[in-house]
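Q: Output the structure for:
(2 chains, ligands or ions: 1)
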Amino acid sequence: MGALPLPTLDQAVSALRDGATSSRELCESVLGRIDTVDSRIGAYLYVDREEVLADAAAADRRRADGSQLGPFDGIPIAVKDNMAVRGQPLTCASRILKDFVSPYDATVIERLRSQGFIFLGRTNMDEFAMGSSNENSGLQATSNPHDSSRVPGGSSGGSAAAVAGGEAIVALGSDTGGSIRLPASFCGVVGVKPTYGRVSRYGLVAFASSLDQIGPLTRTVRDSALMLDIISGRDPRDSTSLPEPAGGCASCLSAASVNGMRCGMPREYFEVEGLDPSVRECVENAARQLEAEGAEIVEVSLPMLKYAIAAYYIIATAEASANLARFDGVRYGLRDSEGEAESLLAQYRLSRARGFGDEVKRRIILGTYVLSSGYYDAYYLRAQKVRTLIRKDFEHAFTECDVILSPVSPEPAYKKGELATPLRMYLADIYTISVNLAGICGLSVPCGATESGLPIGLQMLAPALHEKRLLQAAATYEAIRGDL
Amino acid sequence: MAVSAGTTNHETFIRKTTIHKTFKEQEGDSHAMTGALHGYEAIIGLEVHIQVRTSTKLFCGCPNRFGGEPNTRVCPVCMGYPGVLPVLNREAVRKTLGAGLMCDCTINTYSKFDRKNYFYPDMPKNYQISQYDLPFCRGGTMPVSGVGLSGGEMQSKGIGITRIHLEEDVAKSTHFGSYSGIDFNRAGIPLMEIVSEPDMRTPDEAYAYLTGLKQIMQYAEISDCDMEKGQLRCDVNVSVRPVDQTAFGEKIEIKNLNSFRAVHRALEYEIDRQISDLREGASLRQETRRWDDALGMTAVMRVKESAHDYRYFPEPDLMPLEIGTDWRNEIQDSLPERPGVRRDRFVAHYRITPYDADVLTQDKLLADYFERAVAKGATPKTVANWMQTELLRELSDSAQGIAESPVAPEALAELVALIEDKTISGKIAKDVFHIMFATGKAPSVIVEEKGLKQVSDDAEIGVFVDRALAENPAVVEDYRTGNKKSLQFLMGQVMKFSRGKANPQSANRLLKERLEASEG
Ligand SMILES: [Zn+2]
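A: Next up is the predicted model:
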């Protein structure tokens, strides 16, 4: 693909500080790149050029008169289309919200705005974040920048593809069962899923409230750390956000080392049927490189892995069935044309039948079913118990190691349409979803490529609230790995 | 929005009911309210929704206030916009716990919110944040006793309260013929649901239970319970069964009850209807009926469909709540004396009649007013009398509440003192009170300004007495020939000449003295 024309976030900060570039220059190069490649990649659903350039001019004026909002003032960022940015579309890549414009800012957006970030536009995703390939977008197809015939991964596929394709310096995604880490792995970028509660969910359109978490997609580990320092922390508008102090992620990286760090390799993760040999090789090779750097490689066990997918699809769909009930065409969004529906019920039915795609409908039906009277105990309640056991699995494993290493997905990016059945698609998430069920933090960092050049990601996991340890391990690995 | 109003069904049911009535009239049973139970008893349970008075809504910062232009007290949260999250209003929880403690409920130390799923346009998220298996309060009691609304003495008993939980109110729909409008100002206002045990047996008990609930909510400043503003809403469940039967009869739910009196009337009607249907051999079915206050009867709204599956599950956007003993105790300590306790104390401590105590403790502000006046040294019995006559009448004439009374309790106490030290007569005092109410002036100021001070000096009164005797020789003659009632007329004359200021005892004594003196 050749060298990307854009600086990293860290480089952009320095260049702006030194006067080597301007916000206008940065934004113009991003917009130019979008013009050149996005017709092929399809990462963006919406870009507001005039607004971006006006914001850039304002940022440059602030910098000129010394009133800049901070080191990031004037840096453009891409946002997944499920986070509210005031005055911009908020579609979740769904026909039901096709014309919806957000009247408010999500908390993460508010924080980025106060730092002077410029919101480039909206990136494509699987509809309501339900999917692992972006093929479930109700509005547009996105291609993997490394191979247009392949998927970028999902559901934050647009954000991952935008960063990988040089169409964004950094992007925000959301991760419910792997939706940041999987596309990061498929596209060859860094993607972090923070601890549940680290980043406010206020303004993130909920898929599964107890699993959703916002995180960055970036070119480098350091850029992700910079982003986390801005977006993390307690938010009084999100009752599930954690009170523990956040920040210090970027500054802790200068002292990063893996010397004496115990890296756990979960036995069960490498016994998964369908684990691609090149994926296994890249991950094992990464472990060896870490070992050479002073880390200790230990085998750990996460026996509940085999129940994770079932538990995940019960809890996530149950919550989704309620979360998506508000899309009924009454207050906003797609409403069946006046007159055609002769009753309220018919209006609901037509609006939702026309507004939602198949995968969304499938999950709403599944979630409605598992919560139904007579089935609740057998499904939802039992899934919650499994969830507790998965959490304990990790707690136990983390007594034997400091971080866990694993693949992100059994395979590298597959061809569009290749995983035609939903069940095969669900299995692609086997390494990522336990992390959301346990509420711990994890990331994907590029660790190699297939012979044909498809990126492969290394998943690193750390206990809840240990983002610093996680990022230190990843930054060290990134340094010893060198350029790919 | 196209909403089918379902008017056809409603009309059908009205028609059916009319036929039903005609049939009965032919039989010679006019279905007039007989109130006769014929060996049956009624089982009544109430489900009461009460809006909690807080400054903001339950999960957002919008004001909790009645009315306003439609959809002006709304925000993305209470409109259910994509991406928003609820934040629990602590004051609403505090008041719900207070309501529970006032009703002797047990407070669950661990509580949580759940999502109740159903589709309706008045529900912004199509699920309601409510409480399912762990409500804040459970197992309370509401005592009822005394004379019931229909005049009979009620047996003293405690009506069980099953649970009190907190949830968000829904929006208000208005139907405009072919479409409906929705006002979300009400959506998200904190709403308590108070479910009673099926412990009530008579409309009087149901009425007393509701009155008791309202009184407690007002006492503890939990809610104003204004039914016209929808701050208190009530659904009734009623069934009848032969007195020797333990199994419950088919439960009928009554809706559209807009006053406590309507609850009472609807229950009277419905109990009578159910008993006469059963006596005629008809069987009852579980159904929901609508009370028509103008017609004074209920009509079928809907026959019970299969139970609705609300698919409750724990609300993942809110953390479960631990209610510690400290907080519980702090709330307990902040609660006012309960109305019943206060009534008994008024009788024992102030020596006023149970009736007076009952009237004065109906409303906490009235009871507070009484105690403030008494604290200034006024005789409790006199204050009680003045409050129940002059004060309440003036307030009702001017459509004001006790809180807005232009006469402060301290001023009333001052007025009572003026009567008791004979500065003014009781009759003059009424005029003074009227001026106090109209102007807000202190009684002593009014007495001074208007020169209303009572005249007790015999020489001064003697002038008026002499004039009365001199100007009415015929009446004087009348008196002397034995018609002692003529004295009243002469008293009236004295009061008239003195412009009401003559001390009545002195005037009476002087009149008699002079009439009898000249007699001899
Ligand atoms: Zn609101």
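Q: hey, let's count contacts and neighbours off CA atoms from now on
A: OK.
Q: Quick one: low-confidence residue ranges for the chain.
A: All of this is about chain A. A:1-4, A:337-340, A:420 (pLDDT under 70).
Q: my question was about chain B
A: The low-confidence ranges in chain B, as defined by pLDDT under 70, are B:1-34, B:304-306, B:518-520.
Q: Spell out which parts of it neighbour chain A.
A: Counting by CA under 8 Å from any CA of the partner chain, the residues of chain B close to chain A are B:1-4, B:76, B:79-87, B:115, B:117, B:119, B:121, B:124-127, B:309, B:311-313, B:316-319.
Q: Just the buried ones among those, please.
A: B:1-3, B:76, B:79-87, B:115, B:117, B:119, B:121, B:124-127, B:311-313, B:316-319 (16 or more other CA atoms under 10 Å in any protein chain shown).
Q: Where strands are concerned, which of those residues count?
A: Using DSSP state E, B:Arg115, B:Asn117, B:Tyr127, B:Phe313 are the members of these that sit in strands.
Q: between the residues you listed, which is closest to B:Ser276?
A: B:Asn117 (38.9 Å; CA to CA).
Q: where along the stretch 151-300 of chain A do the strands fall?
A: Secondary structure of the stretch 151-300 of chain A (DSSP state E, counting those that start in this stretch): strands at A:171-175, A:190-193, A:213-218, A:262-266, A:296-300.
Q: Packed most tightly, which of the ones you listed would that be?
A: Of all the strands of the stretch 151-300 of chain A, strand A:190-193 has the most neighbours on average by mean count of other CA atoms under 10 Å in any protein chain shown, namely a mean of 34.
Q: element containing the nearest residue to B:His175 once chain neighbours are set aside?
A: Spatial nearest neighbour of B:His175, excluding adjacent residues (CA to CA, 6 or more residues apart in numbering or on different chains): B:Gly181 at 6.3 Å. For B:Gly181, the host element (DSSP states H and E) is strand B:179-183.
Q: Check A:Ser133 too.
A: Here A:Ser133 is assigned to no helix or strand, by DSSP H and E.
Q: From what I see, it and A:Val151 are in contact.
A: Yes. When contacts are counted by CA atoms under 8 Å, A:Ser133 is listed as touching A:Val151 (5.5 Å).
Q: With neighbour numbers in mind, choose between those two.
A: Legend: neighbour count by other CA atoms under 10 Å in any protein chain shown for A:Ser133 and A:Val151, higher for A:Ser133 (34 against 30).
Q: Report the separation between that one and A:Leu172.
A: 17 Å (CA to CA, to the nearest Å).
Q: who's in contact with the residue of the stretch 251-400 of chain A found nearest the ion?
A: With CA to the ion as the measure, A:Arg331 is the residue of the stretch 251-400 of chain A nearest to the ion, at 14.3 Å. Each residue near A:Arg331 by CA atoms under 8 Å, 6 or more residues apart in numbering or on different chains is listed here: B:Met79, B:Pro124.
Q: List, one by one, the residues from chain A near chain B.
A: So far as CA under 8 Å from any CA goes, chain A lies against chain B at A:83-84, A:103-104, A:106, A:201-206, A:209-210, A:236-240, A:319, A:322-323, A:325-326, A:330-331, A:338-339, A:341-344, A:347, A:368, A:371-373.
Q: Buried residues in stretch B:357-366, which are they?
A: For stretch B:357-366, by 16+ other CA under 10 Å, it's B:Ala357, B:Asp358, B:Leu360, B:Thr361, B:Gln362, B:Asp363, B:Lys364, B:Leu365, B:Leu366.
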